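Colleague: When you get a sec, could you give me coordinates for this:
(one chain, ligands or ions: 1)
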Amino acid sequence: MSDQAHRAADAIAELDAAMDVHLDWTRRVLRCALTREPPGEQMLAPDAHERCHFGHWLARTLPELERLDARKAHQLAALHRRMHDAIRVLCGNVLEGHPGDGAALANFEEAQAGLVQRLASFKTRILAEAVRLDPLTGLPLRYSLEGEFVLSQRHARRSGSLFFVAMFDIDHFKQVNDIHGHLVGDLALRHLADTLRRILRPSDRLYRYGGEEFLLLMLAEDTAEAEAAIERFLHAVRNSPVALPGQVALPQRVTIGLAQVAHGETLEQAVERADRALYEGKHAGRDRYVLAR
Ligand SMILES: Nc1nc2c(ncn2[C@@H]2O[C@H](COP(=O)(O)OP(=O)(O)OP(=O)(O)O)[C@@H](O)[C@H]2O)c(=O)[nH]1
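Modeller: Prediction:
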């Protein structure tokens, strides 16, 4: 299993464990209502939501949940707190000999149901994210490319900027595998992804498109700006050989096909033009970019 798959599996196991512990509260609250058995001393404290197992898990995990969906993460924290407030009212009343409070019970049930729902949605997000990313390079795979292409096209139309697609292909990569083995090939792919990622601008979107092909969606004010950005990628790759333990670093080169996306052009059409430009670049000697006509 890849690191990423391990992380996703661990995150889901932790989420399930936190949920199980919290669901146990339904049983304790019920027992308290029926038998007046206290649900546990600390659960009647005002900061019970911070002291419980779920509260500790949430505090630890919140930044990651916020990254996935900030709105749902805050709702989750608020629902958790609300649920503890309801438990305190509910059990406090029962223990003081007052009759069960229907409103507090409804509050508890609603908060509990909302909590479970948000957690289920986070579980799906964690799984979707694990599948969406390439385990080797950590870059997105092409599943979300179509949607991102349409968004960038729309953004370019509204902002008056130009939209480009750039196809990167490593030069003579087969030799790397043949001479150094597949593991070094994998290392070189990961290294290239890191090199490219380091110089991405916030609006750039980089994908692992295929085996040793990477696709970039890029917005630019004009063609000169796009070409300068592509030159920066070429320069960075030339200056970042792959470090190999106990051996001379392995030089890396890429050839790039750059195509300006025309109004109304589909992803498929733009990629085909970028691909043709890429092959022109390969035939012209590699380690360069070619702008598609
Ligand atoms: N190690 C490793 N190799 C891969 C992976 N994906 C594709 N490859 C290899 O990438 C190589 C691509 O080789 P070719 O398409 O022949 O091209 P090339 O040798 O790079 O030559 P040019 O593109 O013409 O410069 C093949 O040997 C594939 O096995 C991967 O995930 N890991």
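
Colleague: which residues touch the residue most central in space within the chain?
Modeller: Geometric centre of the chain, nearest residue: E129, 5.2 Å, by C-alpha atoms, centre = their mean. Residues near E129 by C-beta atoms under 8 Å, 6 or more residues apart in numbering: A8, L68. The C-beta positions use only the backbone N, C-alpha and C, and glycine is treated the same way.

Colleague: and it, what element?
Modeller: helix 102-132 (DSSP states H and E).

Colleague: Could you give me the buried positions within the next helix or strand after that helix?
Modeller: For helix 102-132, the following helix or strand on the C-terminal side (DSSP H and E) is helix 145-159. By neighbour count with 16 or more other C-beta atoms under 10 Å, helix 145-159 contains the buried residues L145, F149, S152, Q153, A156.

Colleague: what do you get for stretch 184-204?
Modeller: Buried residues in stretch 184-204 (16+ other C-beta under 10 Å): V184, G185, L187, A188, L189, R190, H191, L192, A193, T195, L196, D204.

Colleague: just checking: which of those residues also lie near the ligand?
Modeller: G185, L189 (C-beta under 6 Å from any ligand atom).

Colleague: tell me which of the buried residues of stretch 184-204 is nearest to G257?
Modeller: L196 (15.1 Å; C-beta to C-beta).

Colleague: Would you mind checking the average pLDDT for the helix or strand hosting that closest one?
Modeller: Following DSSP H and E, one finds L196 within helix 182-198. In this model, helix 182-198 carries a mean pLDDT of 96.

Colleague: could you point out which element follows that helix?
Modeller: Trace forward from helix 182-198 with DSSP H and E and the next one is strand 205-208.

Colleague: Helix or strand next in line after that following strand, which one?
Modeller: Moving toward the C-terminus from strand 205-208, the next element (DSSP H and E) is strand 213-220.

Colleague: Quick one: list the elements packing against that following strand.
Modeller: On a contact count with 3 or more C-beta pairs under 8 Å, 6 or more residues apart in numbering; DSSP states H and E, strand 213-220 meets helix 145-159, strand 162-170, helix 182-198, strand 205-208, helix 223-238.

Colleague: let's go with 10 Å and repeat that
Modeller: When contacts are defined as 3 or more C-beta pairs under 10 Å, 6 or more residues apart in numbering; DSSP states H and E, strand 213-220 packs onto helix 145-159, strand 162-170, helix 182-198, strand 205-208, helix 223-238, strand 254-260, helix 267-283.

Colleague: Make TSV out of these and add distance to R60.
Modeller: Output for the helices and strands packed on strand 213-220, formatted as TSV (distance: least, C-beta to C-beta, whole Å):
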stretch	distance to R60
helix 145-159	31
strand 162-170	38
helix 182-198	27
strand 205-208	30
helix 223-238	36
strand 254-260	40
helix 267-283	40
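
Colleague: So which bits of the stretch 51-200 of the chain are right by the ligand?
Modeller: L136, D169, I170, D171, H172, F173, K174, N177, H182, G185, D186, L189.

Colleague: which ones are touching the last one?
Modeller: So that's L189. 134, 136-137, 139, 170, 173, 176, 208, 211-212, 214, 242, 252 (C-beta atoms under 10 Å, 6 or more residues apart in numbering).

Colleague: again, only using 6 Å
Modeller: Applying C-beta atoms under 6 Å, 6 or more residues apart in numbering to L189 gives the contacts L136.

Colleague: any idea how far it is from R286?
Modeller: Using C-beta to C-beta, to the nearest Å, L189 is found at 17 Å from R286.

Colleague: What's the separation between the residue nearest to the centre of the chain and L95?
Modeller: 44 Å.

Colleague: Now do the contacts for the residue in the stretch 1-150 of the chain positioned nearest to the ligand.
Modeller: Residue of the stretch 1-150 of the chain nearest the ligand, by C-beta to the nearest ligand atom: L136 (5.9 Å). Taking C-beta under 6 Å, 6+ apart as the criterion, L136 is in contact with D186, L189, R190.
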